[in-house]
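**Q** The sequence and its predicted three-dimensional model are supplied below.
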Amino acid sequence: MTRRIIPRRDFLQQTALLSGAALLADTGSGRVASDAPLPTGMSWFERPMRWAQLTLVENDPGQYDLEFWLDYFRRVHADAACLSAGGCVAYYPTKIPFHYGSAWMHESDPFGDLLAGCRKLDMVVVARTDLHATHQDTYDAHPDWIAVDAQGQPRRHWADPDFWVTCALGPYSFEFMTQVHREIMTLYKPDGIFSNRWSGSGMCYCVHCQQNFQAACGMKLPRTNDPQDVSRRNYILWRQQRLFDLWRLWDSEIRKISLEARFIPNTGGGALSELDMKTAGELADTLFADRQARRGLMPPWANGKSGKEYRATLGRKPIVGIFSVGLEEPYRWKDSVQSEPEIRIWVADGIANGLRPWFTKFAGTLRDRRWLKVIEDIYNWSYRSERYLRNEGPLARVALVYSQQSATFYGGEHARSKVEDPALGFYHALVEGRIPFEMVHDRVLDPEHIGRFKVLILPNIAALSDQQCNQFREYLQRGGSIVATFETSLYDEWGVARKNFGLADVFGTTYKGRIEGPMQNSYLTVEKDPATGKHHPILAGLEDAERIINGVSRVDVEPTQNFANPPLTLIPSYPDLPMEEVFPRIGHTNVPAVYLRESGKSRVVYFPWDIDRTFWEVMCIDHGRLLRNAVDWAANEEKNVTVMGPGVLEVTVWRQKDSMTVHLVNLTNPMMMKGPFREIIPVGEQRVHVQLPPGQKASKVQLLVSGQAPRTRDSGNSIEVMVTSVGVHEVIGIDLSPV
């Protein structure tokens, strides 16, 4: 038997070749001036700005009010709809064996009726399929289509035992669902097909998965989740390739019937996403970010984070943000309705970060109507403001790198704590610091993708190839700056530990072979420059502190060059009990807790400890200040947007064809870190300083949510805008004209 690892480069080459006013029910009822013509000649996936999804349940046919929904789509100016078509349940008269049609459908055609009504409204229509479950007759005829668990047992559906869980990687998807998609396209010619739960429901050990994996990799399916196991590593890559093959198959079959149509998988996201986002960004003309609502300890900015993650590989392609009007808690209250303030803040953050809103409603029968007016307000504001929401690109100069390979091969089962939590900590620090920023995928580090940024942030990006390390060096040589933390580059792209950092020369340190932690009761001394008696700019706001808390884990490093007068030095751990013994055994060391380097226009900041992860865990304000100060010092340039005023605001800045916008999302709320919002708590006056694009002047300035004409002060190449108050969201719209 031949056992081999699919080289990552070969695998990737193979996959490449196979192919308001009331957003915020704020104050003010002024209407936004948006009289410029919208672009023409756009593809169907570029045109829609407001999506609606109606996910029918099986007993909806004959009960739900078709005309109500069509009228609602019209009232909210929805220009695209995703409608239930087939898969688990068919909502049209299918002729494909084992394609189960709704028992309530009788002789009707719910999907066809909805599609026809939406077409009359000149809406884009995408058909929704869901293929993760099937009925008993399918199991009886094709037991090999059913997913099998590690014990060799076919899997009953976890929520409804009358259903069976299907295998996503075998003939059910590649053959049966290909027929379904062909039939839908042939009968109705929708603009595309969107598949939910298409990538499987956990690992499958069916006969097809066993045989196909054996043929591809020469080994049996793994029985471990350890990414360093050769079979697990191969399985991760094989499964991705299999799904990308399926994506290409469905997209090809759809285009044969309708050239402009597309297959759009429900896939993608950040570091924890299972499918490679670089390949997804190359394949897709549009993607739908399916982060529907908050759950648990999740901040409202998580919706905007999805937009940044997708944009990192899709670039200027349209990205749609799916949000639910219901709760998204693990107990699956699908007929529930969220509070109005919670819906507003979630959608506002998505729009501010470039997501085109898509509301999803489960079941066509209404049991709670409170959400209807909320969406109508938000969408009507979006319709009036549309010219200022058709973004051509963000103007942020800072970017946060995320790494799927670090999550997969370094983090493994602990990817959330080792990879995602550091990113979340740094993300939150940037939001609190009101620093506009984007996200960068670590597999697109070419000048086209990262050249516009002055600072790249590497929050424990542990797994990096030699090539990726060289790309960061080249970025520094072009004048960029880097802020990195903890174990960044200490492992190769497969998560195999290096003897030294891949970026050792960049950090100016060498690895001494030891990770210390968890550390109890350790601190950092806040140092002054003995020559000047002043603190380094990275310590701004900490001048009156003699010491601050340390993190939980640190890399033991040795400098390879002179780092004179480090601004922070280590105080090692000492007992925290009994209380009589709580005093430092070593009161001062010369061990730096941050390494700062300058070379020409480039600057490097390296924290050899888990400052970002610890900040996310304990939210120490000193750590947040350090992270923000590090970014400001590394940037070493005037900010393009500065916002001064009370509260917690997320700030984004965008360029449109003849304008630019600054979004202010008010996150100030006692429920910011644990939803839902109960009320909107407005914040007071914000002074916003905006650098204008070179050769441009502001011909008109308006507040797009309140409808007010703000007080402004023009300084030639910049303007200052006074925003009296921000409820959920305010957008400063600046019309531009040549100087």
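**A** Cool, the structure landed.
**Q** Check Gly716 and give its pLDDT.
**A** Listed pLDDT for Gly716 reads 84.
**Q** Please apply the same query to Met42.
**A** With respect to pLDDT, Met42 has a value of 88.
**Q** For it, give me the backbone phi and psi.
**A** Taking degrees, to the nearest 10, you get phi -80, psi 150 for the backbone angles of Met42.
**Q** cool, Arg128 as well?
**A** Here is the backbone geometry of Arg128 (degrees, to the nearest 10): phi -100, psi 130.
**Q** which residues touch it?
**A** Gln53, Thr55, Cys82, Leu83, Ser84, Ala85, Ile193, Phe194, Ser195, Asn196 (C-beta atoms under 8 Å, 6 or more residues apart in numbering). Glycine gets a C-beta too; all of them are placed from N, C-alpha and C.
**Q** Just checking, which helix or strand of this protein averages the lowest pLDDT?
**A** Scoring the helices and strands of the chain by mean pLDDT, DSSP states H and E places helix 8-17 at the bottom, with a mean of 41.
**Q** ok, back up a step: mind putting the contacts of Arg128 in a markdown table, distance to Val651 included?
**A** A markdown table is the format used below for these (distance: C-beta to C-beta, whole Å):
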| residue | distance to Val651 |
| --- | --- |
| Gln53 | 30 |
| Thr55 | 34 |
| Cys82 | 31 |
| Leu83 | 37 |
| Ser84 | 38 |
| Ala85 | 40 |
| Ile193 | 37 |
| Phe194 | 32 |
| Ser195 | 36 |
| Asn196 | 34 |
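**Q** Which of these has the largest number of neighbours?
**A** Ranked by neighbour count (other C-beta atoms under 10 Å), the contacts of Arg128 have Ala85 at the top, with 31 neighbours.
**Q** For Pro575, see how far away that residue is.
**A** For Ala85, the distance to Pro575 equals 65 Å [C-beta to C-beta, to the nearest Å].
**Q** repeat for Cys118
**A** Per C-beta to C-beta, Cys118 is found 69 Å from Pro575.
**Q** These two: which has the busier surroundings?
**A** Higher neighbour count among Cys118 and Pro575: Cys118, with 24 against 14, using other C-beta under 10 Å.
**Q** coming back round to it: in strands, which of the contacts of Arg128 fall?
**A** Gln53, Thr55, Cys82, Leu83, Ser84, Ala85, Ile193, Phe194, Ser195, Asn196 (DSSP state E).
**Q** Can you tell me how far the fourth one is from Leu704?
**A** It stands for Leu83. For Leu83 relative to Leu704 (C-beta to C-beta), the value is 31 Å.
**Q** Then the last one?
**A** In this structure, Asn196 and Leu704 are 33 Å apart, going by C-beta to C-beta.
**Q** Over to the third one?
**A** According to C-beta to C-beta, Cys82 stands 27 Å off from Leu704.
**Q** Just the CA atoms from stretch 723-739 would do, formatted as PDB, please.
**A** Taking C-alpha atoms only, stretch 723-739 is exported to PDB below (Å, rounded to 0.1, in the frame of the first residue of the first chain):
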ATOM      1  CA  VAL A 723     -21.900  64.900  14.300                       C
ATOM      2  CA  THR A 724     -24.300  66.000  17.000                       C
ATOM      3  CA  SER A 725     -25.300  62.500  18.100                       C
ATOM      4  CA  VAL A 726     -25.200  58.800  17.000                       C
ATOM      5  CA  GLY A 727     -28.000  56.400  17.700                       C
ATOM      6  CA  VAL A 728     -27.200  53.100  16.100                       C
ATOM      7  CA  HIS A 729     -25.400  54.300  13.000                       C
ATOM      8  CA  GLU A 730     -24.500  57.500  11.200                       C
ATOM      9  CA  VAL A 731     -22.900  57.800   7.800                       C
ATOM     10  CA  ILE A 732     -21.100  60.900   6.700                       C
ATOM     11  CA  GLY A 733     -21.600  61.200   2.900                       C
ATOM     12  CA  ILE A 734     -19.000  63.400   1.200                       C
ATOM     13  CA  ASP A 735     -19.500  64.200  -2.400                       C
ATOM     14  CA  LEU A 736     -16.200  64.800  -4.200                       C
ATOM     15  CA  SER A 737     -15.200  66.900  -7.100                       C
ATOM     16  CA  PRO A 738     -11.800  67.800  -8.600                       C
ATOM     17  CA  VAL A 739      -9.900  70.700  -7.000                       C
END
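**Q** can you give me the mean pLDDT across it?
**A** Averaging pLDDT along stretch 723-739 yields 97.
**Q** So for it, what gets flagged as buried?
**A** Residues of stretch 723-739 classed as buried by neighbour count (16 or more other C-beta atoms under 10 Å): 723-736.
**Q** Now find how far off-centre that stretch is within its chain.
**A** The chain centre lies 25 Å from the centre of stretch 723-739; the measure is C-alpha atoms, centre = their mean, to the nearest Å.
**Q** now swap in stretch 82-93 and tell me
**A** 29 Å.
**Q** Looking at the buried residues of stretch 723-739, spot the one nearest Trp333.
**A** Nearest to Trp333 among these, counting by C-beta to C-beta, is Val728 at 24.1 Å.
**Q** Correct me if wrong: that closest one contacts Ile680.
**A** Yes: at 5.3 Å, Val728 and Ile680 qualify as touching, with contact defined as C-beta atoms under 8 Å.
**Q** Just the ones of the buried residues of stretch 723-739 in strands?
**A** Val723, His729, Glu730, Val731, Ile732, Gly733, Ile734, Asp735, Leu736.
**Q** Farthest pair within these?
**A** The widest separation within those (C-beta to C-beta) is 21.9 Å, between His729 and Leu736.
**Q** Poorly predicted segments of the stretch 501-650 of the chain, please.
**A** Within the stretch 501-650 of the chain, no range satisfies pLDDT under 70.
**Q** Residue ranges in the stretch 1-150 of the chain under the pLDDT threshold?
**A** Across the stretch 1-150 of the chain, the ranges flagged by pLDDT under 70 are 1-40.
**Q** let's see 80
**A** For the stretch 1-150 of the chain, the stretches with pLDDT under 80 are 1-41.
**Q** ranges for the strands of it?
**A** Secondary structure of the stretch 1-150 of the chain by DSSP state E, counting those that start in this stretch: the strands cover 51-55, 80-87, 124-130, 133-134.
**Q** Can you give me the first-to-last residue distance of stretch 412-421?
**A** End-to-end distance for stretch 412-421: 14 Å, by C-alpha to C-alpha, to the nearest Å.
**Q** Next, the buried residues of it.
**A** For stretch 412-421, burial by neighbour count (16+ other C-beta under 10 Å) applies to Gly412, Ala415, Lys418, Val419, Glu420, Asp421.
**Q** Redo these as a markdown table? Include distance to Ile482.
**A** Shown next, in a markdown table, are the buried residues of stretch 412-421 (distance: C-beta to C-beta, whole Å):
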| residue | distance to Ile482 |
| --- | --- |
| Gly412 | 26 |
| Ala415 | 23 |
| Lys418 | 20 |
| Val419 | 18 |
| Glu420 | 20 |
| Asp421 | 20 |
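**Q** Excluding chain neighbours, what is closest to Arg294?
**A** Excluding its sequence neighbours, the residue lying closest to Arg294 (C-beta to C-beta, 6 or more residues apart in numbering) is Gly675, at 4.3 Å.
**Q** my guess is that neighbour meets Pro300, correct?
**A** Yes: between Gly675 and Pro300 there is a contact at 7.4 Å, judged by C-beta under 8 Å.
**Q** Between those two, which contacts overlap?
**A** Both Gly675 and Pro300 are in contact with Arg294, where contact means C-beta under 8 Å, 6+ apart.
**Q** These two: which is more packed in?
**A** Set side by side, Gly675 and Pro300 show more neighbours around Pro300, with 29 against 24, by other C-beta under 10 Å.
**Q** Can you give me the distance of the more buried one to Asp349?
**A** Separation of Pro300 from Asp349 (C-beta to C-beta): 5 Å.
**Q** distance from the centroid: which residue in this protein tops it?
**A** Note on the chain: the largest C-alpha distance from the chain mean falls to Glu580, namely 47.9 Å (C-alpha atoms, centre = their mean).
**Q** three-state assignment of that one?
**A** Put simply, Glu580 is helix when judged by DSSP: H, G, I helix; E, B strand; the rest coil.
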